[in-house]
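Q: model the structure of this input:
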Amino acid sequence: MAEKQTKTKQQKARIFLKIALGIGVVCAPLFLAALVYLSFSTGNTPFQKHRAAGGQDWYAQLDSFDELFEQYRNNSGIVPPAVFQTILDKAEEITIGAEARLSLLKRRRLLAKTAFPGTRWNQRDFIAAYQVSAEKAAADFPHSAPIAAIASEALVMNAGLNEEGGAMPALTDMNSLERLAQVMLDTGPLSEAVYLPFVFSLYALSGAFTPIENVLTNRRGTALFASVAQNAAFYERAFLLLPAEIVHNLRENLLIDTALAYILNGKGEEALPFITSLDIYNIAKPNTLKFLANYYYDFGNLLLAGELFSRLKDAESIEMAACALYLAGEREEALRFWEIVPSLSAPKSDTQLRALYNSASLGSLLNIYAKKEYISSLEQLFLAVQDDTSKEGISIPALVLYTRLLPEERALAMLQSEERSTRYALLDLELFKRNAARAGIPRTAGETWFLLNRHPADKDIYQWAAWYFEYQKLYSDSEFLFHFAEQNNVSTPALVFNKSLYAMRNEDFSGAEKLFTQLKAALPAGASGLFRPKDGPWSLLWAANANLGIIYEARRAAGQALANYEEAVRLLEADFGHAKDRARLYLRIAHCYEVLGRRPEIRPLLEKALELDGENVNVHRALNRLTTRQD
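A: Sure, this is the predicted structure:
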């Protein structure tokens, strides 16, 4: 299951990254153009600042270029294009310093952007010259982020990315793009929004983000995504260059891509800021909604996950909404969604069969409708899976549930006539439990061992045996059960819990403490407010805390005892019932309060315990002692 989830997440990651990187490729020329403009515009005017950068002759060359180019642009003079190239070549030979080189590259770029119709000069010639000059400048000034940005644009232009019709020939020097992007990252901090979109585009164009693993396993790649995704200035600049819809899509995809990078690197909690930056109520794309729903399902916000899944109308999503709501304790809402799923599912599909079973199972537990309604759902399921042995994984539990809805005699007869009962542990156990009600304790204990030997690897049978031996105080059988489980490499929460009780009973408090602590670590925490059935792992969790409290109290460690008792109460308060257990725990807490000197808090607690269990003699005695002492 874990492998399937991992593959699904990787598939989602590829979908989202392809979208974002596609936008990066489309936007690259626009972003690069903006960056080059900004690179040329920073600081003082290059002409004034670098008048003597290459001596008076250098300035005269650039001044001549500007005058002739202005004549050409205003049609006030006939200037052969070759003259411009010659002037800049001469000026480059005597240029000194990075800022002076930027002034020269500004004019190279002007030529590369200008068409010269009616002449033998092709714009491509000027673009090529622009690239050669920019790459030479990048080599001469390897730590200059503005020059790296200009060289990047020249390389992209020369690859044909700006050709009419959106043609995108293969870039001939991917390594150069990645290297130039690296310069901008190293010399222009990620916090400088001016560089982020262009560096991102360069990485996308250079193939550094393909395959996806290059992003997900690369610290710098993930950091780049993270920096871009939440940089407001980046989006402000993007809105100046691109239609609003594209920018919104870009932001959404970048946030999700970054979250996926963290999740697939095992840092799901670090993905949360990027997830919460999305406006979940204004997202219409199914893939995005499904991703967010799965994230909140995996990381604990089950009610929100259920709401997001319910906005998707396919059978799988509605089924997931039902699962999320069930785990969140909204069982009636979960039942409503499970009842919808069969009509949305393909006939005889696993999704349909699961929904039929779950609606019958939960419906009968809630007792909302008459039994015949659930029997009808299960009979529909049996009709769909008849003679299909591949579906026995669901038909066997359905058969067990079906017999529980029938009168006792009819149910027993159906189980006894079932040929598969010895092959399937669940059927064998169900029949065994029904027969155990008629047999005595010694016979049932013996038959339990026959059942275990028929299914030595089935955890459900070990779970039942552990409960039965403890309930009937068959402690020697419990000890043998622990050894039998170890021999067959079987471990269940119930076995660990009963082994802990066995250790306490034999006054091995250190061993019991260790086992209870291990059990708490293995079971789901109670902080998320999940619904847990009374007979499930949740009941072991509160009981483990309560028993740890007893151990610490026996050691006179009242503070530790109190912490465990209060945790047990907190877990019990999330459930319906357990009034007598809560009353007993309040009595224990009252004793800890007395030891710790918190006497004013004792009476309200004992009165609360009395409300829960008015017949508890120990609570009455504690209240009487407290009253006598105060009098």
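Q: host element of the nearest residue to residue 558 once chain neighbours are set aside?
A: Leaving out its chain neighbours, the residue that sits closest to residue 558 by Cβ to Cβ, 6 or more residues apart in numbering is residue 595, at 4.2 Å. Glycine gets a C-beta too; all of them are placed from N, C-alpha and C. Per DSSP states H and E, residue 595 falls inside helix 579-596.
Q: how about that helix: buried residues?
A: 581-593 (16 or more other Cβ atoms under 10 Å).
Q: repeat that for stretch 423-431.
A: Of the residues in stretch 423-431, those buried by neighbour count under the rule 16+ other Cβ under 10 Å are 424, 425, 426, 427, 428, 429, 430, 431.
Q: give me the mean pLDDT for that stretch.
A: Per-residue pLDDT values over stretch 423-431 give a mean of 87.
Q: run the chain-centre distance for it.
A: How far stretch 423-431 lies from its chain's middle: 37 Å, per Cα atoms, centre = their mean, to the nearest Å.
Q: as PDB, could you dump the C-alpha coordinates of it?
A: Once non-C-alpha atoms are left out, stretch 423-431 reads as follows in PDB (Å, rounded to 0.1, in the frame of the first residue of the first chain):
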ATOM      1  CA  ARG A 423      -9.600 -21.800   4.700                       C
ATOM      2  CA  TYR A 424     -10.500 -18.300   5.800                       C
ATOM      3  CA  ALA A 425      -9.600 -17.400   9.300                       C
ATOM      4  CA  LEU A 426     -12.300 -14.700   9.500                       C
ATOM      5  CA  LEU A 427     -15.100 -17.300   8.800                       C
ATOM      6  CA  ASP A 428     -13.500 -19.900  11.100                       C
ATOM      7  CA  LEU A 429     -13.200 -17.300  13.900                       C
ATOM      8  CA  GLU A 430     -16.800 -16.200  13.500                       C
ATOM      9  CA  LEU A 431     -18.200 -19.700  13.700                       C
END
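Q: show residues contacting it.
A: With Cβ atoms under 8 Å, 6 or more residues apart in numbering as the test, stretch 423-431 has contacts from 392, 396-397, 399-400, 403, 412, 415-416, 418, 420-422, 451, 454-455, 458, 460-461, 464.
Q: quick one: contacts for the most centrally placed residue in the chain?
A: By Cα atoms, centre = their mean, the mean C-alpha position of the chain lies nearest to residue 295, the distance being 3.9 Å. Counting by Cβ under 8 Å, 6+ apart, residue 295 makes contact with 259, 263, 268, 271, 275.
Q: same thing but at 6 Å, please
A: Contact analysis of residue 295 by Cβ atoms under 6 Å, 6 or more residues apart in numbering lists residue 275.
Q: same check, this time on the one 10 residues further on
A: Listed by Cβ under 6 Å, 6+ apart, the contact partners of residue 305 are 293, 296, 297, 324.
Q: tell me the one of those residues nearest residue 379?
A: Of all the contacts of residue 305, residue 379 sits closest to residue 324, with 28.3 Å by Cβ to Cβ.
Q: quick check: pLDDT value at the closest one.
A: Reported pLDDT for residue 324: 91.
Q: ok, residue 35 next?
A: 50.
Q: now do whichever strand or helix holds residue 125: which elements does it pack against?
A: When elements are assigned from DSSP H and E, residue 125 belongs to helix 123-140. For helix 123-140, the elements it packs on are helix 98-112, helix 145-158, judged by 3 or more Cβ pairs under 6 Å, 6 or more residues apart in numbering; DSSP states H and E.
Q: related to what we said a few turns ago, please check the contacts of residue 305 and keep the buried ones.
A: Buried residues within these, counting neighbours by 16+ other Cβ under 10 Å: 293, 296, 297, 324.
Q: in contact with the second one, which residues are there?
A: Counting by Cβ under 6 Å, 6+ apart, residue 296 touches 304, 305.
Q: one more pass at 10 Å, please.
A: Contacts for residue 296 (Cβ atoms under 10 Å, 6 or more residues apart in numbering) come out as 272, 275, 280, 302, 303, 304, 305, 306, 307, 308, 309, 324.
Q: what about the second one, distance to residue 318?
A: Going back to what we said before, that points to residue 275. Here the criterion is Cβ to Cβ, to the nearest Å. By it, residue 275 lies 22 Å from residue 318.
Q: tell me, how many residues neighbour residue 63?
A: The burial metric for residue 63, expressed as a neighbour count using other Cβ atoms under 10 Å, is 13.
Q: tell me which element it falls in.
A: Short version, using DSSP H and E: residue 63 is in helix 56-73.
Q: same check, this time on residue 507
A: Using DSSP H and E, residue 507 maps to neither a helix nor a strand.
Q: by mean pLDDT, point me to the weakest helix or strand of this structure.
A: Least confident helix or strand, the chain: helix 46-49 with a mean of 38, by mean pLDDT, DSSP states H and E.
Q: ok, so of the buried residues of stretch 423-431, who is nearest residue 106?
A: Distance ranking of those against residue 106, using Cβ to Cβ, places residue 426 first at 78.4 Å.
Q: beyond the helix or strand harbouring the closest one, next helix or strand please.
A: Residue 426 is located in helix 425-436, with elements delineated by DSSP H and E. Scanning the chain past helix 425-436 towards its C-terminal end, the next helix or strand to appear is helix 441-454 (assignment: DSSP H and E).
Q: next, the angle helix 579-596 makes with whichever helix or strand comes after the helix holding residue 595.
A: Tracing the chain C-terminally past helix 579-596 and defining elements by DSSP H and E, one meets helix 602-612 next. Helix 602-612 and helix 579-596 are oriented at 170 degrees to each other (axes from the mean of the first three to the mean of the last three Cα atoms, to 10 degrees).
Q: list the buried residues of the helix or strand that helix 602-612 is followed by.
A: Beyond helix 602-612 on the C-terminal side, the first helix or strand identified by DSSP H and E is helix 617-630. Neighbour counts over helix 617-630 (16+ other Cβ under 10 Å) mark 619, 622, 623, 626 as buried.
Q: hang on, the earlier thing: quick one, what contacts the residue nearest to residue 558?
A: Residue 595 makes contact with 553, 556, 557, 558, 559, 561, 562, according to Cβ under 10 Å, 6+ apart.
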